[in-house]
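K.L.:
Quick one: sequence and predicted model below, then my questions.
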Amino acid sequence: MKTIHQCPCCGGAPSGQWPALTAPFIAEYALKLPVSLCSLLECGGCGLRFFDHRFEEEEMQRLYSGYRGEAYFQARHRHEPWYLRRHNDGTGHAPDVLAARKAATEAFLRRHADACLFSRVLDYGGDSGQFIPDGIGIEKHVFELSDAVPIPGVRRISDESHLQEGGYDLVLLNHVLEHSAEPLELLRSVARLMAPGTGVLHVEVPLEQYNLAWVRQGPDQARRLVALAARSTLLKWLDFYSTVFRVVMKTLPPFGFLKLHEHINLFNEQALAKACEAAGLEILAVDSGDRGAGAVVAVLARHRGSPRISGRA
């Protein structure tokens, strides 16, 4: 892994720092290294929380090329017994959650843009293309590195060189930026895929600004985590304890610990908007709330200086 010390979205300096560990699953499956110490930083400029250790390209390939496949599930379940088959196979495919996500996305798009202009739609990193709203677009494409089979009516693009620069009226970048080692560069790259003048980008990320009031800082905590990393059974139980509080209570508990997992960028509304602006985009709308799978932040943006577009109810 490589290490950074400035915000990967706005370049700001950190205003807070908390010791953390690489998740045992990530250490084994993606990094091929023992569990190690890292840090969660908070940007003083935009509020983004980000881990200082970042995935290299080879590590990203190991983690995502067979994403949620059998090898992925077995490795993760071994280190996280609470991660069950239904979590692995159901994520992104549960009919009620999927319907809620698609409906919320379509409503957001129609409120702030003319959806009739969205002839060619691309979902960048969109699994099987199942998240593209049914009532949006004529030609539907999904760019996906894994072996996910596209749903009927969606064409899969598996090679980035086959993406058409300026070729899409609507680009969806949903639940991708939180995984990216270089989110600003990814935003700039994806923005080039939008049609000049009329193209629109929809970005959605989890809202993961958990309460860290109980999390200790400083060298003493770092030493505790190094000692914990060597005690695998205790580490597993404290990982479960921390995960339950983080997911259910939106807080890290006393004696819990932070871990670098798949999400290495933890956004709020300000951080996502500033990242889009730093990528040369103009913000059309920002939204946050529960879209069926937990709290999210969504931004609708376009190329800076493009003609104004109107929304329809």
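P.N.:
Here it is on my side, so go on. For clarity, every value in this text was computed on a predicted model and none was experimentally measured.

K.L.:
what ranges do the strands span in the chain?
P.N.:
2-3, 14-22, 37-43, 49-51, 53-54, 120-124, 139-143, 154-157, 170-174, 200-206, 258-260, 265-266, 281-290, 295-303 (DSSP state E).

K.L.:
how about low-confidence regions in the chain?
P.N.:
306-313 (pLDDT under 70).

K.L.:
Going by length in residues, pull out the top helix of it.
P.N.:
helix 95-112 (DSSP state H).

K.L.:
With just CA atoms, put that helix into CSV.
P.N.:
C-alpha atoms of helix 95-112 as CSV (Å, rounded to 0.1, in the frame of the first residue of the first chain):
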residue,chain,number,x,y,z
PRO,A,95,-35.7,-6.7,-4.7
ASP,A,96,-37.1,-4.2,-2.2
VAL,A,97,-33.8,-2.4,-1.7
LEU,A,98,-33.1,-2.4,-5.4
ALA,A,99,-36.5,-0.9,-6.2
ALA,A,100,-36.1,1.8,-3.5
ARG,A,101,-32.6,2.8,-4.8
LYS,A,102,-33.8,3.0,-8.4
ALA,A,103,-36.9,5.0,-7.5
ALA,A,104,-34.9,7.5,-5.4
THR,A,105,-32.3,7.9,-8.1
GLU,A,106,-34.9,8.5,-10.8
ALA,A,107,-36.9,11.0,-8.7
PHE,A,108,-33.7,12.9,-7.9
LEU,A,109,-32.8,13.0,-11.6
ARG,A,110,-36.2,14.1,-12.7
ARG,A,111,-36.3,16.9,-10.1
HIS,A,112,-33.1,18.5,-11.2
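
K.L.:
who does that helix touch, helix- and strand-wise?
P.N.:
Packing contacts for helix 95-112, counted by 3 or more Cβ pairs under 8 Å, 6 or more residues apart in numbering; DSSP states H and E, involve strand 170-174, strand 200-206, strand 281-290, strand 295-303. Placement of C-beta: from N, CA and C, glycine included.

K.L.:
angle of that helix against strand 281-290?
P.N.:
140 degrees (axes from the mean of the first three to the mean of the last three Cα atoms, to 10 degrees).

K.L.:
now helix 95-112, how far from the centre of its chain.
P.N.:
From the chain centre to the centre of helix 95-112 is a distance of 18 Å (Cα atoms, centre = their mean, to the nearest Å).

K.L.:
what angle separates it from strand 295-303?
P.N.:
40 degrees.

K.L.:
Next, the buried residues of helix 95-112.
P.N.:
Val97, Arg101, Lys102, Ala104, Thr105, Glu106, Phe108, Leu109, Arg110, His112 (16 or more other Cβ atoms under 10 Å).

K.L.:
Now distance to Asp220 too, for those residues, in a markdown table please.
P.N.:
Below are the buried residues of helix 95-112 laid out as a markdown table (distance: Cβ to Cβ, whole Å):
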| residue | distance to Asp220 |
| --- | --- |
| Val97 | 41 |
| Arg101 | 42 |
| Lys102 | 48 |
| Ala104 | 44 |
| Thr105 | 45 |
| Glu106 | 50 |
| Phe108 | 45 |
| Leu109 | 49 |
| Arg110 | 53 |
| His112 | 48 |
